[in-house]
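Enquirer: just the structure for this:
(3 chains)
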Amino acid sequence: MKADSMQSGRRWTTALTYFFLIVGSLIMIFPFLWMILTSLKSLSESMQIPPTIFPAVYYFSNFKDALTSLPFGALYFNTIVMVFFRVICAILFSSMAGYAFAKLHFRGKNFLFTLVLVQMMMPSQIFVIPQYEMLASVSLTESLFALVFPGLVSAFGTFFLRQSYLGIPNEIGEAAYLDGCNQWQSFVKVMLPLTGTSVAALTIFTAVFAYADLMWPLVVNTDINLMTLSSGLATLKGQFTTNYPVLMAGSLFAMIPMLILYLIFQRQFIEGIALTGGK
Amino acid sequence: MKHTKRIIALVLACVLALALTACGKGGKSDGNLTMQIWDNSQRESMQALADAYHELNPDVTIEVQVTSWDEYWTKLEAAAGSGNLPDIFWMHTNYILLYADNGMLADVTDLYDDDTYSHYSDISIANTQGSDGRMYGIPKDKDTVCLVYNKEMFDAAGVSYPDENWTWDDLTAASQAIYDATGKYGYMAYADDQLGYWNFVYQNGGYILNDDKTAAGFDQPATIDAMKFYIGLQQNDWCPTQTYFAETAPGNAFFSEQGAMFLEGTWNLMAEMKNYPEMQGKWDVAVLPKCPDPVSGDGRATISNGLCYATSADNQDDEIIMGFLKWLGTEEAQQIHSSYGAAISGYEGTEQAWIDAFDQFDYRLNVEACIEMFDYSVQSVNDATRPNWKSKVSDELLKIYSGELGVDEGLANMNTIVNDAIAEGAE
Amino acid sequence: MWKRQSIAAKREQRWAWLMVAPTIIGLLVLNYYPLIQTFILSFSKTKTFGAMEFNGIQNYTDMFATPEFWKATWNTVYFCILTVPVGIALALIVAILLNAKVKFKSGFRAIYFLPMVCAPAAIAMVWRWMFNGEYGIINTIINAKVNWLTNPTTAILACAIVAIWSSIGYDAVLLLSGLQNISKTYYEAARIDGAGPIKQFFSITMPMISPTLFVTLIMRMMASLKVYDLIYMMIDQTNPVLPEVQSLMYLFYREAFVAGNKGYASAIVIWTILLIGVVTIFQFIGQKKWVNYDV
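Expert: Numbering: from 1, shown residues only, chains lettered A, B, ... in the order given. Predicted coordinates for the structure are as follows:
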């Protein structure tokens, strides 16, 4: 192949890459633009036929109404606490279990791993009431711990990290073992750092799952000051009528902490790549 | 490092084990009570009651907690099953028989030595009763269903506003006139029981359940006529179809000025005045139009429901909780509750406080009309098996609307569903 | 079978048990205890507040005799077919594009990630708004009047579109983490050998990413067979189109929490788990054909 044809081929590839990325981005971002535009309209304008793109009159008061109708400070705090502890638990326990399932030999391994897999098939709705009853029996409902409770362990995390430990050659662990490390040391010092990107991905996943959890926080905690952003927003929805522009303004506020978390994590994500990049 | 991780794991395992084996909490309340409700727009008035009681009894502090409707019942059921009901909670007629008949609620029939209960209407009392006729809650409020209308659209069509002489014919004629003049919808009739067809059925002299709740009434000519009229309204150009309502609640359609009329419960009026400030002055309320040629009766009816304050049967002897509950039923407490305008207190004579609450707006709604309707109100339809037939009946109704079933066939199915549920419940 | 184990093997086993213990204990308490309860309930006629009596396989025979149940099963499978292949393919494309040398890479990533940081209730709300037959912006853009959410054929399609839209970022992040573990040297070597982008994709990217792709597939498949929230929030219970889109877990919700039929609802859950189990077993068998673990 000639050098210049490769050059132009690459230029075409780059142009196509940008084209698809931009078109995709527009589709991804459009609902959010619509959300912002709607949050600035009056209720009647938001339902006008045909719809207007830009608000005729800008209702910034929707944002003020959203802010006053929910204790956003407490909601931010609770959401962050819940996400933080669920992520810590998921990473800690899933790394341990994932490593053991991938690299160690022990009796009962297949059976126990089946337990992990089958958990992933269970719909979470069946856990709500039994888990609520467990917490209620020790008077731990209406607490921050209650928000973390269902996320203490993660079957998905275990499965996911097992998969990434499987991708690490056995020789690496064996080398560490021969250097005099015990299983724990070779896990913590050698293997764990090699799963950087997967841990970063799991962090994002766990955070998002926790953040999206709607039913559990609403059932286990009733005090609005102990709710999370997603569930707090749900209390704004009336039984009969709902002021959607205000609800959309509230939803935009609710996105802020996760967006910040992501932006922080974006860096972690790239650093995680740096850790494994030398492979 | 490695030790701390193992310790954390151990502690966690202990907590989990504890959660499984530990027993439920027991003993009496310590003066810190929780009160659970589902309506965010009534948080303020509940807090006012809590504060007022705290003023009188400094040892008792009540915390008000709000959950959304669906989760409220999921949670309450789980709590009831595990003996962890909140100290005080709202009870709805949809569920009271379920809870009361299963012995979940404290009996408050003999709570008062005086004639406090005589200040409540028979309907208010009936809404708190279990199937055994005992009272399992202190009446909190009472409501009626009223006609909400858009004045501007009436003006544009040159139609006079609804008044107490209005009949179903005026309703349809005005709807047509508004549609012709403005292109907006007229009366928005949708698949709902309490805020829809029940009112029409009872106005026509029909019924959903007979008086002793042993049989359904969907086979009664008066019921069938009224149902046909109500369902048929969607055949008109001026009424949106059920597919429209599946996407847009009638309340939202009304307050975004897409339609001129819908039926609304009195408990929403205050929230609607506050939530839609730009609509103030453009709409008002009226009594329901009457049936022009009822099979029996005078053609007037409106469905009246009411909530109550309840507590767990475990608290039957808890003086602190029963004390608060007892106070909630007094004229003083009911007066405070009414004055917030969200719901009309059950205590007779406190209606004026509710009416006066609407004076805070520049445009004063004609809320007297809502009170007026108590004279001919009908108790909200209920029996112990309603949870079993409610959603099935509404599924049948949707099939009629979608054309999958003919009206006669659908009504016959509804009748069978309710009768079967009653028969099964009687076993 | 008891095999003689060396001391080293025994020590390894002890470590292994210790390391899986927190997860397994947690799963037993948090998830298996409820599952067993559900299983018992599925053979019981439930009354209110925990009271119940054994009624054998009555719930299952009732369930299999109900057309509504079969319809819900089909809806669930159909939803899975609609969302999983397209969703994963799009996510893979996005991941590969985001892994290429482009400017504003972090900006693009943030955009594709946006749906994940938005509360699900808000996502459903804004899409309902856009899909609205009367004043929805989508109808304005395509200049047609489609009743997206109330027409039987389009309603499930609309739900699938939202599901794909909100999961692309999710899956792309997973796949991206797999892509980034592929060393650049492979591509350089391939390029020197004169392999074009397409050849590189099939001979390097696909085999190397297959373990991650497998996880993504398993996860997305399970999630779509368990779908409930999204349909619940997009399709009201008063929407006449509900029977056409109702998934198994939606049916479960209506039976358990609205109608109060806990026993019957539990049978639906057990059926759903079995369904997911069968699909997953096939995937694990199938993976041997295409997933590559020799790194």
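Enquirer: domain-wise, how is the chain divided?
Expert: Using chain A. Annotated domains of chain A cover A:3-59, A:70-235 [automatic domain parsing].
Enquirer: that's the wrong chain, I meant chain C
Expert: C:7-54, C:67-290.
Enquirer: the longest one spans what distance, first to last residue?
Expert: In other words, domain C:67-290. Using C-alpha to C-alpha, to the nearest Å, one end of domain C:67-290 lies 38 Å from the other.
Enquirer: before we move on, the earlier item: can you say which of the domains of chain C is nearest to chain B?
Expert: domain C:67-290 (3.5 Å; C-beta to the nearest C-beta). Quick note: C-beta positions are derived from backbone N, CA and C, even for glycine.
Enquirer: figure out how far the closest one is from the centre of its chain.
Expert: Centroid separation for domain C:67-290 versus its chain: 6 Å, with C-alpha atoms, centre = their mean, to the nearest Å.
Enquirer: would it count as contacting chain B?
Expert: Yes. Domain C:67-290 lies within reach of chain B by C-beta under 8 Å from any C-beta of the partner chain, at C:128, C:132-134, C:147, C:149-151, C:235-242, C:254, C:257-260.
Enquirer: pick out the residue nearest the middle of the chain.
Expert: Here I'm looking at chain A. Central residue of chain A (C-alpha atoms, centre = their mean): A:Val208, 1.7 Å from the mean position.
Enquirer: actually it's chain B I care about, not the one you picked
Expert: Geometric middle of chain B (C-alpha atoms, centre = their mean) lands on B:Asn305, at 5.8 Å.
Enquirer: wait, that residue sits on B:Ser377?
Expert: No. B:Asn305 is beyond contact range of B:Ser377, at 9.4 Å (criterion: C-beta atoms under 8 Å).
Enquirer: which SSE is immediately downstream of the host helix or strand of A:Thr197?
Expert: Element membership for A:Thr197 (DSSP states H and E) is helix A:196-212. Next along the chain after helix A:196-212, taking DSSP H and E as the criterion, comes helix A:215-220.
Enquirer: what sits against A:Pro217?
Expert: A:82, A:147, A:227-228, A:230-231 (C-beta atoms under 8 Å, 6 or more residues apart in numbering or on different chains).
Enquirer: about what we covered before: so who does the nearest residue to the residue nearest to the centre of chain A once chain neighbours are set aside touch?
Expert: Setting aside the residues directly before and after it, A:Val208 is nearest to C:Met116 in space (C-beta to C-beta, 6 or more residues apart in numbering or on different chains), at 4.7 Å. Going by C-beta under 8 Å, 6+ apart, C:Met116 touches A:204, A:208, A:258, A:262, C:166, C:169-170.
Enquirer: before we move on, what about B:Tyr347?
Expert: Counted by C-beta under 8 Å, 6+ apart, B:Tyr347 has contacts B:119-120, B:139, B:329-331, B:334-335, B:338.
Enquirer: how about the strands in the stretch 51-200 of chain C?
Expert: C:52-54 (DSSP state E, counting those that start in this stretch).
Enquirer: wait, the residue nearest to the centre of chain A sits on C:Tyr170?
Expert: Yes. Using C-beta under 8 Å, A:Val208 is in contact with C:Tyr170, at 7.2 Å.
Enquirer: tell me what the helix or strand where B:Ile400 lies is packed against?
Expert: Using DSSP H and E, B:Ile400 falls within helix B:386-402. Counting contacts by 3 or more C-beta pairs under 8 Å, 6 or more residues apart in numbering or on different chains; DSSP states H and E, helix B:386-402 packs against helix B:93-101, helix B:221-232, helix B:242-247, helix B:407-426.
Enquirer: how about C:Ile93: what's its closest non-neighbour residue?
Expert: A:Phe20 (7.1 Å).
Enquirer: and the next helix or strand past the one helix or strand that neighbour maps to?
Expert: Using DSSP H and E, A:Phe20 falls within helix A:3-39. Next helix or strand after helix A:3-39 toward the C-terminus (DSSP H and E): helix A:43-46.
Enquirer: residue boundaries of the helices in the stretch 51-200 of chain B?
Expert: Counting by DSSP state H, counting those that start in this stretch, the segments of the stretch 51-200 of chain B that form helices are B:69-81, B:93-101, B:122-126, B:151-157, B:168-182, B:198-203.
Enquirer: nearest to chain C, of the ones you listed?
Expert: helix B:69-81 (4.5 Å).
Enquirer: the closest one close to chain C?
Expert: Yes. Interface with chain C: helix B:69-81 contributes B:70, B:73-74, B:77, B:80-81 (C-beta under 8 Å from any C-beta).
Enquirer: any stretches of the stretch 101-250 of chain A with poor pLDDT?
Expert: A:237-242 (pLDDT under 70).
Enquirer: quick check: residues of the stretch 101-250 of chain B near chain C?
Expert: B:102, B:104, B:190-192, B:242-248.
Enquirer: nearest spatial neighbour of the residue nearest the centre of chain C, skipping sequence neighbours?
Expert: Centre of chain C computed as the mean C-alpha position; nearest residue by C-alpha atoms, centre = their mean is C:Ala223, 1.9 Å away. Among residues not flanking C:Ala223 along the chain, C:Ser167 sits closest, at 7.7 Å (C-beta to C-beta, 6+ apart).
Enquirer: my read: that neighbour touches C:Val86, true?
Expert: No. If you go by C-beta under 8 Å, C:Ser167 and C:Val86 don't touch, sitting 10.5 Å apart.
Enquirer: so between these two, which is more surrounded?
Expert: C:Ser167 (24 against 15; other C-beta atoms under 10 Å in any protein chain shown).
Enquirer: show me the contacts for the more buried one.
Expert: Here C:Ser167 is in contact with C:83, C:87, C:91, C:115, C:220, C:223 (C-beta under 8 Å, 6+ apart).
Enquirer: distance of the last one relative to B:Gln220?
Expert: Spelled out, that is C:Ala223. 49 Å (C-beta to C-beta, to the nearest Å).
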